[in-house]
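Q: Turn this into a structure:
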Amino acid sequence: MKKLYFFIAVLISYASVAQNDVTFSVDMSSYGGSFTTVYVSGELNGWSGDSNPMTDMGGGIWSTTINLAAGEYQYKFTIDNWTDQENFTAGDACTVTDGGFVNRIVEVNGAMTLDTPTFSVCYDDGNPGPHDTTFNVDMSGYGGSFTTVYISGQFNGWDGLSNPMTDMGGGMWSVTLPLPEAYTEFKFQVDNWTDQENFVDGDAGTVTNGGFTNRYINVTGQQSRNYVWSTEGSTLSTEEFTPASFKTYPNPTNNSWNIVTDNVIINTIEVFDISGRQVLTSSPKTSQTSIDGTGLQNGIYFAKISTDNGASSVKLVKN
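A: Numbering: from 1, shown residues only. As a prediction, this is how the structure comes out:
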């Protein structure tokens, strides 16, 4: 299967890299055929058809927990050593299309319990978009001269001029686009393709299709991402309170987090999972409030807290 080299690299470094328990589950209740066992197959096991069998939990739900190092992993649910497998359409919001294959993807950054999807179906939050998606790119390390930075991708037919970005100062350029709920590829370029970002196959946050290696994003809700020109990976956007400060406790928690500011009114709180999908939102209009995490899966989240004095993001841990 593809990207075997990735699996070999994981094996070599396995003993020295911090591992995380990641729980996968899938709903097979609507599967039309007969089968014996469901498996997780992917970059996490060299696309093996029988290395990670799942347990029948009843009610059509199958589950397993796999110990993984931090990083991105493509995968899918399979049946009886590849007798059958999930099938997706390129562009489905829970997938990436890489080298002609359309797979699910997970970004591991700590212990996680993933949502339970239906076999061959992406999650459905009832809101297909469009979702306001903010892209920020740091150009401060760019070595040449340019006039304007643009974002080009599948959402605009890779046009060189459709989506110019705004110079925010300090080398940062930004644009917010209303995008449909989908997987989409893109990259940053300057002055109508006078220059563009360059990546190699396997860089974090990229996919390679038809000989081209591009960034990608899964648009599943409102989100904001920070990038550095021609540098792999991304982070959720963070801004600083000025001059307000706040406390968040307990953190980690198994139910809720308390948020307390220095007598500054909290206007909105938006909570995102590590893929950038918004999972909670509230408008407390008070200086102290709480975030109810009882309905969230265990894992890492980010809360963007907006006040009249600015906004900031804080990492939240649910266990």
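
Q: The helix or strand where residue 224 lies packs against which elements?
A: Residue 224 belongs to strand 223-228 when assigned by DSSP states H and E. The contact analysis (3 or more CB pairs under 8 Å, 6 or more residues apart in numbering; DSSP states H and E) places strand 223-228 against strand 131-138, strand 235-236. The way it works is simple: take the backbone N, C-alpha and C, and place the C-beta from them, glycine included.

Q: got the contact list for residue 210?
A: Residue 210 sits next to no residue when contact means CB atoms under 8 Å, 6 or more residues apart in numbering.

Q: State the distance from it to residue 99.
A: To residue 99, residue 210 is 9 Å away according to CB to CB, to the nearest Å.

Q: next one: residue 25
A: For residue 25, the distance to residue 99 - CB to CB - is 27 Å.

Q: Under the pLDDT cut-off, which ranges of the chain? List them.
A: 1-18, 123-128, 235-245, 274-277, 309-313 (pLDDT under 70).

Q: rerun that using 80 as the cut-off
A: For the chain, the stretches with pLDDT under 80 are 1-18, 109-110, 123-129, 220-222, 233-247, 251, 261-263, 272-278, 299-304, 307-315.

Q: hmm, back to that, residue 25 and residue 99: who's more crowded?
A: residue 25 (21 against 13; other CB atoms under 10 Å).

Q: how about that one, what does it touch?
A: 54, 57, 61-64, 113-114, 116.

Q: Which among the residues you listed count as buried?
A: 54, 61-64, 113-114, 116 (16 or more other CB atoms under 10 Å).

Q: Same list, those, but as JSON lines with distance to residue 166 and secondary structure please.
A: Conversion of the buried ones among the contacts of residue 25 to JSON lines gives the following (distance: CB to CB, whole Å; DSSP: H, G, I helix; E, B strand; the rest coil):
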{"residue": "54", "distance to residue 166": "47", "secondary structure": "coil"}
{"residue": "61", "distance to residue 166": "47", "secondary structure": "strand"}
{"residue": "62", "distance to residue 166": "47", "secondary structure": "strand"}
{"residue": "63", "distance to residue 166": "46", "secondary structure": "strand"}
{"residue": "64", "distance to residue 166": "46", "secondary structure": "strand"}
{"residue": "113", "distance to residue 166": "39", "secondary structure": "strand"}
{"residue": "114", "distance to residue 166": "36", "secondary structure": "coil"}
{"residue": "116", "distance to residue 166": "40", "secondary structure": "coil"}
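
Q: neighbours of residue 319, just the number please.
A: Other residues close to residue 319 by other CB under 10 Å number 11.

Q: Surely it is in contact with residue 252?
A: Yes: shown here, residue 319 and residue 252 form a contact pair, counting by CB atoms under 8 Å, at 4.8 Å.

Q: before we move on, the earlier item: now, among the contacts of residue 25, which is nearest to residue 221?
A: residue 114 (16.3 Å; CB to CB).

Q: which one is that closest one nearest to, not counting chain neighbours?
A: Of all residues not flanking residue 114 in the chain, residue 24 sits nearest, at 5.7 Å (CB to CB, 6 or more residues apart in numbering).

Q: hang on, the one you found packs against residue 64?
A: Yes: taking contacts as CB under 8 Å, residue 24 lies within contact range of residue 64: 5.7 Å.

Q: what touches both of the two?
A: Counting by CB under 8 Å, 6+ apart, the residues touching both residue 24 and residue 64 are 40, 54.

Q: For this structure, just list every one of the helices.
A: 4-13 (DSSP state H).

Q: check contacts around residue 246.
A: Residue 246 makes contacts with 259-262, 264, 305, 312, 314, as judged by CB under 8 Å, 6+ apart.

Q: cool, and residue 27?
A: 60-61, 116-119 are the contacts of residue 27 under CB under 8 Å, 6+ apart.

Q: Chain neighbours aside, what residue packs nearest to it?
A: Nearest to residue 27 is residue 118, by CB to CB, 6+ apart, at 4.7 Å.

Q: Surely residue 55 and residue 63 touch.
A: Yes: using CB under 8 Å, residue 55 is in contact with residue 63, at 5.7 Å.

Q: Would you mind listing the buried residues in stretch 203-218?
A: Across stretch 203-218, burial judged by 16+ other CB under 10 Å covers 203, 205-209, 213-218.

Q: ok, back up a step: same list, the contacts of residue 25, but as CSV with distance to residue 228 please.
A: Converted to CSV, the contacts of residue 25 look like this (distance: CB to CB, whole Å):
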residue, distance to residue 228
54, 38
57, 42
61, 41
62, 40
63, 38
64, 36
113, 31
114, 28
116, 35
